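# take a look and give me a structure for this.
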Amino acid sequence: MSKFKQLYKPLLARAKWQAPEETAIEGTEFGHWLLEPDSLSRRFQRYCEHFSVSLIEQFRVDPSQLTDDERSLIGDGDCLVRKVVLKGDGEPWVFARTLIPLSTLTGPERDLEQLGEMPLGFRVFTDRSARRDALMVANVGTKDDPMWARRSRLWINDKPLLVAELFLDAAPVYAKETQSWK
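Model (predicted):
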């Protein structure tokens with residue numbers, strides 16, 4: 001799994017995040033994936049026989065290790081960093097990095113620290129209070145060979161998390177033709 005950290009973490013780190021309306025993705029074959037307001041994990045689950053998550057690493061960081069932009073979205077406190085790969089039928093589809101402020105890991109949300117290989121979306125979007133905002137997108141590839149990423153803030157019981165997702169080459173987001181998915 002170190003390949004994911006070495007190759008994909010830098011791509012997310014240098015992403016030039018833009019509002020979706022600045023990128024003209026609406027109405028494209030992939031735009032509806034990037035603009036998905038609900039659980040991406042639940043949506044992916046419909047596109048494969050076996051959906052899984054591989055936990056790459058999880059650790060705590062202090063606010064000095066976050067960007068100014070990240071701190072403005074989730075606060076200026078210590079965070080839990082969770083890095084995972086979402087897979088469909090064993091193929092890596094998404095590399096994701098989630099920042100969970102330690103202040104979010106209180107009350108019923110303490111269990112977010114113990115997710116392991118359970119998809120974050122399965123947990124967050126089962127809560128009626130869940131919502132997504134501050135959605136931004138970035139093409140970290142080239143114009144001719146795009147590699148799309150999105151970043152959004154999730155809220156659960158008015159507590160924030162920040163999720164950045166990099167859509168890898170095998171992800172259904174890049175499918176050129178209509179396939180008969182489940």
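# contacts and neighbour counts: CA atoms only from here.
Noted.
# for residue 81, which non-adjacent residue is spatially closest?
Using C-alpha to C-alpha, 6 or more residues apart in numbering and skipping residues adjacent in sequence, the residue nearest residue 81 is residue 99, 4.8 Å away.
# contacts only, for the one you found.
Contacts for residue 99 were tallied using C-alpha atoms under 8 Å, 6 or more residues apart in numbering; they are 79-82, 161-163.
# cool, and residue 57?
For residue 57, the contact set (C-alpha under 8 Å, 6+ apart) comprises 81-84.
# out of these, who's the most crowded?
The residue in the contacts of residue 57 with the most neighbours, by other C-alpha atoms under 10 Å, is residue 84 (25 neighbours).
# pLDDT score for that residue?
With respect to pLDDT, residue 84 scores 95.
# ok, residues contacting the host helix or strand of it?
Element membership of residue 84 [criterion: DSSP states H and E] is strand 79-88. Here strand 79-88 makes contact (C-alpha under 8 Å, 6+ apart) with 41, 44-45, 47-63, 92-102, 113.
# from those, keep the buried residues only.
41, 44-45, 47-48, 51-56, 58, 61, 63, 92-102, 113 (16 or more other C-alpha atoms under 10 Å).
# residue 87 bridge partners, please.
Judged by DSSP bridges, the bridge partners of residue 87 are residue 52, residue 92.
# low-confidence ranges in this structure?
1-5, 176-182 (pLDDT under 70).
# and the residue nearest the centre of it?
residue 165 (3.3 Å; C-alpha atoms, centre = their mean).
# circling back to that earlier point, in helices only, show me the buried ones among the contacts of strand 79-88.
41, 44-45 (DSSP state H).
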